[in-house]
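Novice: attaching a predicted model along with its sequence, questions to come.
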Amino acid sequence: MTSVQTYVPGSPRIAMTASAEQQARRELLREKARGLRLGVKPSGCSGYKYVLEYVHDPAPGDHEITITDDVRVYVDDKSLPMVIGTEIDYVTEGVNRFFKFRNPNADGECGCGESFSVSV
């Protein structure tokens, strides 16, 4: 049996800009997914990189954060302290479009912006 922890109002959260919500909604519909999993993994010259995955079935210990009725973000216990309070945006830079993360916990980023460091 899967156990999912739900976001409790008033606690720190994950937020999305309107453009990120729209893009997430399009991708979730296309992939027939329940939500997006925001996580981190060791990588790059600064320590960690963000990972976004589609969630069809939440994993045990996932924290479910409802952005809108049809957009949900899931964060695992290990990643939560590093990403709580993050705002996710969807930006266009030149010919590239991608999700961008504004993380108040990040205390440094590599020069190319692919990885970040955090002291949690």
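Specialist: Nice, I can see it. Because the structure is predicted, anything quoted here is derived from the model rather than measured. Numbering: from 1, shown residues only.
Novice: center of this protein - which residue?
Specialist: By CA atoms, centre = their mean, the mean C-alpha position of the chain lies nearest to residue 38, the distance being 3.1 Å.
Novice: beta partners for that one?
Specialist: residue 52 (DSSP bridges).
Novice: contact partners of the longest helix along the chain?
Specialist: In the chain, ranked by residue count with DSSP state H as the criterion, the top helix is helix 18-31. Helix 18-31 is contacted from outside by 16, 33-36, 54, 67-68, 70-71, 88-91, 97, 99, using CB atoms under 8 Å, 6 or more residues apart in numbering. C-beta coordinates here come from the backbone N, C-alpha and C atoms, glycine included.
Novice: how about the secondary structure of residue 104?
Specialist: Following DSSP: H, G, I helix; E, B strand; the rest coil, we place residue 104 in the coil state.
Novice: part of a strand, is residue 78?
Specialist: No - counting by three-state DSSP, residue 78 falls outside a strand, being coil.
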